[in-house]
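>>> Fold the following and give me the result.
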Amino acid sequence: MLQTARAFVREELVPLEPELLHGAWHAIEPTLLALRARARALGLWAPFLPTAYGGLGLPLDAFARLSEVLGWTPFGHFVCNCQAPDVGNMELLLEFGSDEQKRTWLEPLTRGEIRSCFAMTEPEHAGSNPVNLSTTAVRDGASWIVNGHKWFTSSADGAAFAVVMAVTDPAESRKHFRASQIIVPLDTPGFALLRNLPVMGERGGGWASHAEVRFDDVRVPAENLLGRQGHGFALAQERLGPGRIHHCMRWIGICERAFDLMCRYAVTRELGPGDMLAGKQQVQFWIAESRIDIHAARLMVMDAATRMARDGQEAARDEIAYIKVFVANTLQRVLDRAIQVHGALGMTDDTPLAWWYRHERAARIYDGADEVHKTVIARRALKRYERAGDGAAG
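Numbering: from 1, shown residues only. Okay, here's the model as predicted:
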C-alpha cells in the first residue's frame, strides 16, 4: 500500500503542484476531485474509516505510516479523503453521532460528496484557554439557537456543515462541562462567512483556507446536538488525540519532501566552476541535523501511535504531548534549513517550501500551543516527585 501511495503521490499529484502554488484553489479543485476516483481505485480511499463505511479500516499506527507518504504533497490527504478537518469530524460522527446524523452527514462525508469544518476558536478569547467561549446555544423548544463569532474555522469556504463548540450550560460549576458540540448546516439563515483570513498574506480558498464566521440567531433542530449535552470538551479531546498523530505524521511527510528538495538542490547548485553547494560544511550540517531530527520524530510518533492503539488515549497523554511539541518544531527547523539552502528560490512559490512555511508555521499554535504542552509535560513529571515525598520519582 505504501508503495502504491508513494507512486501515486509522486507521479500524479506532485506534477499538479504548480497549479496550486501559482493559482487559486477553485481552479485546481475539479482536477483533484477527479483524482479521488483514482485514489479509490488504487485502494487508498479513507484509510482510517471502517470498511463498512468504504474505508480501509487501518489501525492508527498503520494509518500514521500512510499519512507520512501522503504528506509529501500539499493535497495528498485531500485526494484520499483523509484530510483535516473532515477526518476529525468523521471520527466524531462515527463514535458519537446518532443514526440520523450518520445518514445525513457522515455518509456523504465518507463518499467525498461534501466537506465540513470545525468552529471552536474565537477572536475575542485566547485559544490557549479553550473553556473561555462566548458562542452560545440556547434551547428553544425543539431547536437550538446559536449565536457567536469564530475564526480560523478551517475549510469553511464551501463546506456543507460546521461542528460548532458553543456554551449550552453557562451555570455549570464545572467549566469543562459548559459547552456542547452542535451540527450547523452552513446554508442555515444567520450563518455568514465574513472572510477567508489572510495567512502570511495568502487568503486561500475552498478546503485550503481559514475563515472568520458569524452565527446570528442560527436555528437548528435539537437533534443536531452531537453526543451528550455539556460534553463538548470531552468530544474535543477524543478528536484531538488521533488528530495530533495524524498531523505529526503528515508533518514528517512534509519534512521528508523538504529534505529531498534540499539535497537535490545542494548537489546540483554550482557556486562557481566545480564548487557545489553540497560541498559546504554548513550545508552538510543542515542536512545531517535534518536527517537526525526526522528520524527521531518518526520514531517518537510511531511509539505514541502504538501506545495509543494498545492502551488508549489517556495512557498515551504524555507521548502525544511530546510529539506535538517535538514534531512541530522539527517541521519548522527542516523547512527553514531547506529554504536557506535554496536561497532566493526558497522564498518563491516555484517550490512548495514557502507555501508550507506559510501554512504550517501554525503547527506550533493550533491543537495546543508549544507552551501549553510543555507546561503540562512538566507538571505531570513533577507530580511523580511530589507524590514520592522524598524527592525521588520512584
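>>> who's in contact with residue 181?
92, 163-166, 225-227, 232, 235-236 (CB atoms under 8 Å, 6 or more residues apart in numbering). In short, each C-beta sits where N, CA and C put it, glycine included.
>>> what do you get if the cut-off is 10 Å, keeping everything else the same?
By CB atoms under 10 Å, 6 or more residues apart in numbering, the contact list for residue 181 reads 89, 92, 96, 118-120, 137, 162-166, 168, 224-229, 231-236, 239.
>>> which residues of this structure score low on pLDDT?
389-394 (pLDDT under 70).
>>> pull the longest helix from it.
When the chain is parsed with DSSP state H, its longest helix is helix 232-268.
>>> So which bits of that helix are buried?
Neighbour-count burial for helix 232-268, counted by 16 or more other CB atoms under 10 Å, picks out 232-236, 238-259, 261-263, 265-266.
>>> moving C-terminal of that helix, what's the next helix or strand?
strand 270-272 (DSSP states H and E).
>>> So which residues make contact with that next one?
Against strand 270-272 from outside (CB under 10 Å, 6+ apart): 276-277, 279-280.
>>> The next helix or strand after it pairs with which strands, parallel or anti?
Per DSSP H and E, the first helix or strand lying C-terminal to strand 270-272 is strand 275-276. Sheet pairing for strand 275-276, assigned by DSSP bridges, gives strand 270-272 (antiparallel).
>>> to the chain's geometric centre, what's the distance from the partner strand?
Averaging C-alpha positions (CA atoms, centre = their mean, to the nearest Å) puts strand 270-272 40 Å from its chain's average.
>>> now the end-to-end length of stretch 364-371.
9 Å (CA to CA, to the nearest Å).
>>> Could you shift the numbering so residue one becomes 871, and keep it that way?
Okay, residue one is now 871; in that scheme the one you just asked about reads as stretch 1234-1241.
>>> Buried residues, it. List them.
Result for stretch 1234-1241 [16+ other CB under 10 Å]: buried residues 1234, 1236-1239.
>>> now swap in stretch 1076-1088 and tell me
Result for stretch 1076-1088 [16+ other CB under 10 Å]: buried residues 1076-1085, 1088.
>>> swap in stretch 1144-1151?
Under 16+ other CB under 10 Å, the buried positions of stretch 1144-1151 are 1147-1148.
>>> Span of that stretch from start to end?
End residues of stretch 1144-1151 are separated by 16 Å (CA to CA).
>>> Let's see the PyMOL selection covering just the buried ones among the contacts of residue 1051.
Buried residues within the contacts of residue 1051, by 16+ other CB under 10 Å, are selected in PyMOL with:
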select buried, resi 959+962+966+988+989+990+1007+1032+1033+1034+1035+1036+1038+1094+1095+1096+1097+1099+1101+1102+1103+1104+1105+1106+1109
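>>> tell me the contacts of residue 1103?
So residue 1103 contacts 1000-1001, 1035, 1044-1051 (CB under 10 Å, 6+ apart).
>>> can those residues go into CSV with extra columns for secondary structure and distance to residue 1196?
Shown next, in CSV, are those (DSSP: H, G, I helix; E, B strand; the rest coil; distance: CB to CB, whole Å):
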residue, secondary structure, distance to residue 1196
1000, coil, 22
1001, coil, 26
1035, strand, 27
1044, coil, 32
1045, helix, 30
1046, helix, 27
1047, helix, 32
1048, coil, 32
1049, strand, 30
1050, strand, 33
1051, strand, 29
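>>> Let me see the ranges of the helices in the stretch 871-1020 of the chain.
Along the stretch 871-1020 of the chain, counting by DSSP state H, counting those that start in this stretch, helices occupy 872-878, 887-892, 895-911, 930-940, 946-949, 956-966, 969-971, 977-980.
>>> Out of those, which gets nearest to residue 918?
Closest approach to residue 918 among these is made by helix 930-940 (5.0 Å; CB to CB).
>>> Now do the closest one: which elements does it pack against?
Helices and strands touching helix 930-940, by 3 or more CB pairs under 10 Å, 6 or more residues apart in numbering; DSSP states H and E, are helix 872-878, helix 946-949, helix 1102-1138, helix 1151-1181.
>>> With just CA atoms, put that helix into PDB.
The C-alpha atoms that make up helix 930-940 are tabulated as PDB, following Å, rounded to 0.1, in the frame of the first residue of the first chain:
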ATOM      1  CA  LEU A 930      -3.900   4.100  13.900                       C
ATOM      2  CA  ASP A 931      -0.200   3.100  13.600                       C
ATOM      3  CA  ALA A 932      -0.700   1.800  10.100                       C
ATOM      4  CA  PHE A 933      -2.600   5.000   9.000                       C
ATOM      5  CA  ALA A 934       0.200   7.000  10.500                       C
ATOM      6  CA  ARG A 935       2.700   5.500   8.100                       C
ATOM      7  CA  LEU A 936       0.500   6.100   5.100                       C
ATOM      8  CA  SER A 937      -0.100   9.700   6.300                       C
ATOM      9  CA  GLU A 938       3.600  10.400   6.100                       C
ATOM     10  CA  VAL A 939       3.600   9.300   2.400                       C
ATOM     11  CA  LEU A 940       0.600  11.400   1.600                       C
END
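>>> What are the buried residues along it?
930-940.
>>> Output the residues you listed as JSON lines; include the columns distance to residue 1023.
Compiled in JSON lines, the buried residues of helix 930-940 are given as follows (distance: CB to CB, whole Å):
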{"residue": "930", "distance to residue 1023": "26"}
{"residue": "931", "distance to residue 1023": "30"}
{"residue": "932", "distance to residue 1023": "30"}
{"residue": "933", "distance to residue 1023": "25"}
{"residue": "934", "distance to residue 1023": "26"}
{"residue": "935", "distance to residue 1023": "30"}
{"residue": "936", "distance to residue 1023": "27"}
{"residue": "937", "distance to residue 1023": "23"}
{"residue": "938", "distance to residue 1023": "27"}
{"residue": "939", "distance to residue 1023": "28"}
{"residue": "940", "distance to residue 1023": "23"}
